[in-house]
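Structure of the sequence below:
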Amino acid sequence: MFVGRKEERKSLESVYATDRSNLLVLYGKEGIGKTALALQFARNKKMIYKRFLPAGDIEHELLVSELLDDIKKGNYKQEEKTVVIFDEFHYIESKKILSDIVYILSNADQCGRFMILMLSSSINFVENSMIDLDKDFASSITGIVKIQPISFAQMVEWFPNKSVEECIIIRSVLGGVPKYLSLWDKSKSIRDNIINLFLTRQSPLLEEPEAVLRKELRELSSYNTIMISLGKGLIKLNDLFLATGYSRAKISVYIKNLIEIDVVEKMFSANVKNAENTMKGLYRISDSLLSFYYAFVYPNITRIELGEGSSIYDECIGPVLNTYLRPFFADVCREYLDLMSQYDKLDHNYSQWQTWYGKKGTIDIVGVDGKGNMICGLCSFNDEIASIEALAELKALAQQAGIKKCSYCLFSKNGFDSSIEEIADSGELIIASLKDF
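Predicted structure coming up:
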């Protein structure tokens, strides 16, 4: 199933439309949809596809030498530009292959015009090693595009018969990764899907987190220790130091490496006046699948082996799922507000969206426009409707942050009581529940 990616396809088409040959690098985590995007783009075009696996130069050259030789001889020369897709090209170490690619790009009159798409699921390779692979190859690259998870709006398109609440839950568990989303059984409940995907010995995603880390990192046991601590909600460097027994310097190096492969992120708080009330040096697991795994699956591996998946869900996941979902719900709310701002539905055109992490609480959404105007919001995924206390909490947190003037917004899974609705009707507050999405 192919959903969305309109902007990415538009960018590829604009490059394809140029007169010269091109070399584009598309990269992102495994399963993010690079191959599907490339093949969808190349549909109805002259296309050649080759996928590389871990192997030596001889095997790789056997895979493509005949093709590249034919291209250099002009056997693929035609009026229409040919799309060549080299998938998982980070496995290529052959200087001959790279030099042949450079030759083809530089000799369009002899070889014909080509758009070569180099795909890689190794973020670490593309961002840290690719430039050193071959200087002539590196200088031939037209552009580098990092493929991001699909947006929440595209997720709703993926699951057209699911409620907004269900889509938020699915996104919090699997992220916007098509490889994982394709495993979700649309005919089954949230509970049944989580049990089937994670909580049985045969679950298809039970060993996926280890595979993700092992693909990019060594010393898996050390990284696992840090991920376990983050999964417990220990997000400060000092907390990780106390929990792991590692030195702060060692933790910092490991965290840096995890950030480079898009598994962990440093949480930068919104810039406010009262910086002394702001928490600093915070980290969290940014990959939704790994976040869910280390929060709920890893701590219950023994029980999973004993076949207790249903009990694990009922005792350990179901009762706390709404609380766990808050930051993921906040991500969706920011996307909602960003769209509102783009269509001039807010009082200002906010373009920067952050979170404020205070010592006494968190403002889930802090939006800022080019003139310093701000909007602050709280997001609740609880079953209870939001009351006037939620607005009071938001204003108190804004005061602690030193935010003097701003617009306020509240998001609530199940709506608001009459007192909040009256304030919203007067124009003093923006509110939205799931039905508004």
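
where exactly do the helices run in the stretch 1-150 of the chain?
Remark: helices assigned in the stretch 1-150 of the chain by DSSP state H, counting those that start in this stretch are 6-16, 34-42, 57-72, 95-106, 108-111, 123-124, 135-139.

For Cys333, find the nearest of those.
helix 6-16 (21.7 Å; Cβ to Cβ). C-beta: built from backbone N, CA, C; applies to glycine.

Can you show me the CA trace of the closest one as CSV?
Taking C-alpha atoms only, helix 6-16 is exported to CSV below (Å, rounded to 0.1, in the frame of the first residue of the first chain):
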residue,chain,number,x,y,z
LYS,A,6,3.3,14.0,-2.4
GLU,A,7,6.0,16.5,-1.6
GLU,A,8,8.7,13.9,-2.0
ARG,A,9,7.4,12.8,-5.3
LYS,A,10,7.0,16.4,-6.5
SER,A,11,10.7,17.0,-5.6
LEU,A,12,11.8,13.9,-7.5
GLU,A,13,9.8,14.9,-10.6
SER,A,14,11.3,18.4,-10.6
VAL,A,15,14.8,16.8,-10.7
TYR,A,16,13.8,14.3,-13.3
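
helices or strands next to it in the packing?
strand 22-27, helix 34-42, strand 143-146 (3 or more Cβ pairs under 8 Å, 6 or more residues apart in numbering; DSSP states H and E).

one more time with 7 Å
helix 34-42, strand 143-146 (3 or more Cβ pairs under 7 Å, 6 or more residues apart in numbering; DSSP states H and E).

Please identify the buried residues of that helix?
By neighbour count on 16 or more other Cβ atoms under 10 Å, the buried set for helix 6-16 is 8, 12, 15-16.

ditto for stretch 426-437
429-434, 437.

State the next helix or strand along the chain beyond the helix or strand bottoming out on mean pLDDT in the chain.
Least confident helix or strand of the chain, by mean pLDDT, DSSP states H and E, is helix 152-158 with a mean of 88. Counting by DSSP states H and E, the next helix or strand C-terminal to helix 152-158 is helix 164-174.

what's the spatially closest residue to Leu282 that is not a sequence neighbour in contact with, if anything?
Counting by Cβ to Cβ, 6 or more residues apart in numbering, Leu282 lies nearest to Met267, which is 4.3 Å off, once chain neighbours are set aside. By Cβ atoms under 7 Å, 6 or more residues apart in numbering, Met267 lies in contact with 282-284, 357.

Among these, which one has the most neighbours?
Neighbour counts for those peak at Tyr283, which has 22 neighbours (criterion: other Cβ atoms under 10 Å).

Relative to Tyr49, how far out is that one?
Tyr283 sits 39 Å away from Tyr49, going by Cβ to Cβ, to the nearest Å.

One more: Glu335?
In terms of Cβ to Cβ, Glu335 sits 33 Å off from Tyr49.

And Lys77, by the same measure?
19 Å.

How confident was the prediction at the spatially most distant residue from the centre of the chain?
Largest separation from the mean C-alpha position in the chain: Lys73, at 42.1 Å (Cα atoms, centre = their mean). The per-residue pLDDT reported for Lys73 equals 93.

give me phi/psi at it?
Main-chain dihedrals, Lys73, degrees, to the nearest 10: phi -80, psi -10.
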